[in-house]
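J.: dropping a prediction and its sequence here:
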Amino acid sequence: MIGVFHHVVIMQASIYIVFHFGIKTFLRIRSIQANSVRTKKLQFQLFVALVVQTVIPLFLMYLPNMIFTCSALLGGGIGAWANVTVVMNHIYPAIDPFVILFIIKGFRDTLIDFFLCRQKNNKFVSVISQAAKRQERSASHIIN
């Protein structure tokens, strides 16, 4: 009973800490005056990714383990369903990185371009190459 109680307390404490600091982070991000709309959008995307990456372990790790622990505590047997906790604990690390890839717009666009075999126009490269061409022209004028 002491082990089960300890397990439940640790799980509940970690959930409380995640939600407490998640709310504080949201309030802090909302109060920061960003320099540009692009920065605000990126901060919001990162916060959404953080929230989703917090919710995934709740459903894939904490909830199945809590059900398993509480059923054992209450004397109920869940039989073969106990294997669900093992499967869910192994699925979580595989799913977690995909959250960032699908929520952050830059990563998502790159994935879509990759799978649709589209070439992405990189604006930064064209600006840099145009600046380099201008420098070459001005250097050629000085030499000639």
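T.: Received, thanks.
J.: how much space separates residue 16 from residue 10?
T.: From residue 16 across to residue 10, the span is 11 Å (CB to CB, to the nearest Å). (C-beta placed from N, C-alpha, C; glycine too.)
J.: list the buried residues in the helix or strand that residue 17 is a member of.
T.: Assigned by DSSP states H and E, residue 17 belongs to helix 2-31. By neighbour count with 16 or more other CB atoms under 10 Å, helix 2-31 contains the buried residues 11, 18.
J.: list of residues touching the helix or strand following that helix?
T.: Toward the C-terminus, helix 2-31 is succeeded by helix 37-57 as the next helix or strand (DSSP H and E). Outside of helix 37-57, the residues within contact range by CB atoms under 8 Å, 6 or more residues apart in numbering are 18, 22, 25-26, 29, 32, 34, 92, 95-96, 99-100, 103-105.
J.: what helix or strand is residue 118 located in?
T.: Residue 118 belongs to no helix or strand when elements are defined using DSSP H and E.
J.: over to residue 64?
T.: Secondary structure (DSSP H and E) places residue 64 in helix 63-73.
J.: quick one, that helix and helix 37-57 angle?
T.: Between helix 63-73 and helix 37-57, the angle comes out at 30 degrees (axes from the mean of the first three to the mean of the last three CA atoms, to 10 degrees).
J.: who touches helix 63-73?
T.: Here helix 63-73 makes contact (CB under 8 Å, 6+ apart) with 1, 4, 7-8, 11, 77-78, 82, 84-85, 88-89.
J.: and that helix, what's buried?
T.: In helix 63-73, counting by 16+ other CB under 10 Å, buried: 64-69.
J.: same thing with stretch 35-46?
T.: residue 45.
J.: may I have it exported as PDB, CA atoms only?
T.: Output of stretch 35-46 as PDB, limited to C-alpha atoms (Å, rounded to 0.1, in the frame of the first residue of the first chain):
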ATOM      1  CA  ASN A  35       8.900  43.000 -31.700                       C
ATOM      2  CA  SER A  36       7.100  41.400 -34.600                       C
ATOM      3  CA  VAL A  37       4.000  39.400 -35.500                       C
ATOM      4  CA  ARG A  38       6.300  36.600 -36.800                       C
ATOM      5  CA  THR A  39       7.900  36.300 -33.300                       C
ATOM      6  CA  LYS A  40       4.500  36.200 -31.600                       C
ATOM      7  CA  LYS A  41       3.300  33.500 -34.000                       C
ATOM      8  CA  LEU A  42       6.400  31.500 -33.400                       C
ATOM      9  CA  GLN A  43       6.100  31.800 -29.600                       C
ATOM     10  CA  PHE A  44       2.500  30.800 -29.800                       C
ATOM     11  CA  GLN A  45       3.300  27.700 -32.000                       C
ATOM     12  CA  LEU A  46       6.100  26.700 -29.500                       C
END
